[in-house]
Every structure is written in structure tokens, then in C-alpha cells.
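Visitor: Take this sequence and fold it.
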Amino acid sequence: MVKLTKGVAVNSFLFVTDLDHTLVGNDNALKDLNDRLQKHRQEYGTKIVYATGRSPVLYRELQIEKNLIEPDALVLSVGTEIYLDGNDTPDSGWSEILSPGWDRELVLSITNNYPELALQPDSEQRPFKVSFFLKEAAAGDMLPQLELELQKSNLNIKLIYSSGIDLDIVPRTSDKGQAMQFLRQKWKFAAEQTVVCGDSGNDIALFAVGNERGIIVGNARPELLQWHNEHPADYRYLAQDFCAGGILEGLKYFGFLE
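Guide: Residues are numbered from 1 along each chain as shown. A predicted model of the protein is given here:
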């Protein structure tokens, strides 16, 4: 029996993690974490979810390169697509939630008026996501204007800017946190049985959506650390170690792993 802090006892838990610079980036610790998660899944029925800004194409590249274990679900393209049990088709129930008020062509038409925006490669353009490169120096002034312009057109969207370069425009109901909640409810895990892990701005949605246990890895980016300092919570853990090493540290802290 695995015991959590605050007297909550669980056998299985829901493990949700970002990939780049969170799960991936510390190869020795990743191998140890993979072994422990595989064993826990086999013995207790723990569910493993990868939540990443990567598209399906870029996810597969990373999975092969880093020998990632197969997850029970994939949350891809900044929360706009959910794939269950190795299925190649996005979950239709999640797509139905995202559809109202989304108009991809209108988003492209409006953003075309902003020369600071450079479209990311075709592989990163998804049915519910339009992605750009935007230099940090231009972002502060431009993003509020762009958001206002999009809202004037009654688009049900939001802007996610992360890592000082990536701008994703997605449906308002879409992000890693909402996708995690969708899976948590589908699989009937309590918030206390759920742990989320991240390193950057687009992971704030994982930590902000509820009182799931949160692990911020030791190499977290300034925008996430600033948010963490402004919104402290005793169910969130700031690790010392980096990437998978920090995740292991947090899982032990919360009592999910011994």
C-alpha cells in the first residue's frame, strides 16, 4: 500500500508529465523512473500520461530517441489532441468539447496581419492549434493586441506563449490541465491520486486547474517559477534535481513511490 501525505492511501495513481526538459533530459534518472513506473503500472494499475506541446510526428521522434515507455494516453499539441491506448485517431469526445467557437481559418486570417509571427512547420499545425515562432522581445507589446483582435471576432480561443519563442493559439477549453481533468474523470482518479509534472509556461495549466499533486522540476523556466511563487500551494513540490531526477524526488516526497 502506497501512502500519500495527509493520510490519503492509494494503490494506483495517475501520472501526468510534460516531456521536453521535464521527463526527458536526465537519461540515468529517466531509466530508473521508467523501470519504477512500469513496475507500478503492472502491480497497481497506475496510468501513465504524456502531456506535451509536441505534435504526433515530433512525439514519435522523441519516443524512439529516448526509448520512452508506451503511455496509457497521450495529450499532444498543447492539449488539443488526446490519444488513448496507442490509438492513432484523436479521441472524438475531446474533439467535441473543443469545437464550439473555433475557426482555424479566421485565426490564420487575423494573424496574417502580424509580421512578427512566423508560422511553425506544417507538422506543428493541427486541427485545433495554430502555432508560430515569436521572439520574446516582440511578445510583450504584441500579444495583448493580438488577443484583443481575436476576441473582437468572437473566437473561443486563448494564447499560450512559452519558452520565449513558441506561441500556440488554441480553443479556450483546451490545455494540458483540462485534458488531464478529462482523463482523470474518465478513469475515476481523485485529485489526491493524481500527480502532474512540468518545467515551463505551457505547464502552468497542469498545476493551476485543481489540487492535484504537482512536481516542478529543478530546471524549471523563470515563467513557471514566477507563477509558483505568486500562487504557493502545499500540494505542489519544487524539486532540487533536474528533469526525471526531480520527478523521482517529488514522487517520493508525496509517497507515490518509495
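Visitor: what's the pLDDT at Gly7?
Guide: Predicted confidence (pLDDT) for Gly7: 39.
Visitor: now swap in Asn154 and tell me
Guide: 89.
Visitor: Which residue, other than its chain neighbours, is closest to it?
Guide: If you skip the residues right next to it in sequence, Asn154 has Gly101 as its closest partner in space, 7.2 Å away by Cβ to Cβ, 6 or more residues apart in numbering. To be clear about C-beta, it is placed using only N, CA and C from the backbone, and glycine gets the same treatment.
Visitor: Might you report the residue contacts of Tyr114?
Guide: 142, 146 (Cβ atoms under 8 Å, 6 or more residues apart in numbering).
Visitor: For the residue nearest to Asn154, give its distance to Lys152.
Guide: 14 Å (Cβ to Cβ, to the nearest Å).
Visitor: And for Asp203?
Guide: Counting by Cβ to Cβ - Asp203 and Lys152 are separated by 29 Å.
Visitor: ok, now how distant is Glu65 from Asp166?
Guide: Taking Cβ to Cβ, one finds Glu65 at 20 Å from Asp166.
Visitor: before we move on, the earlier item: tell me which of Asp203 and Lys152 has more neighbours.
Guide: Asp203 (31 against 9; other Cβ atoms under 10 Å).
Visitor: Find me the pLDDT at the more buried one, would you?
Guide: Predicted confidence (pLDDT) for Asp203: 92.
Visitor: Can you report how many residues neighbour the residue lying closest to it once chain neighbours are set aside?
Guide: Closest residue to Asp203 apart from its sequence neighbours, by Cβ to Cβ, 6+ apart: Asp18 at 5.1 Å. Using other Cβ under 10 Å, Asp18 is surrounded by 25 other residues.
Visitor: Show me this structure divided up by domain.
Guide: Annotated domains of the chain cover 2-96+174-254, 101-171 [automatic domain parsing].
Visitor: quick one, which of these is packed in tightest?
Guide: With neighbours taken as mean count of other Cβ atoms under 10 Å, these reach their highest mean count in domain 2-96+174-254, at a mean of 19.
Visitor: Which residue ranges of the chain form strands?
Guide: Using DSSP state E, the strands of the chain run over 2-3, 9-10, 14-17, 47-51, 73-76, 81-84, 118-119, 130-133, 157-162, 166-171, 194-198, 213-216, 236-238.
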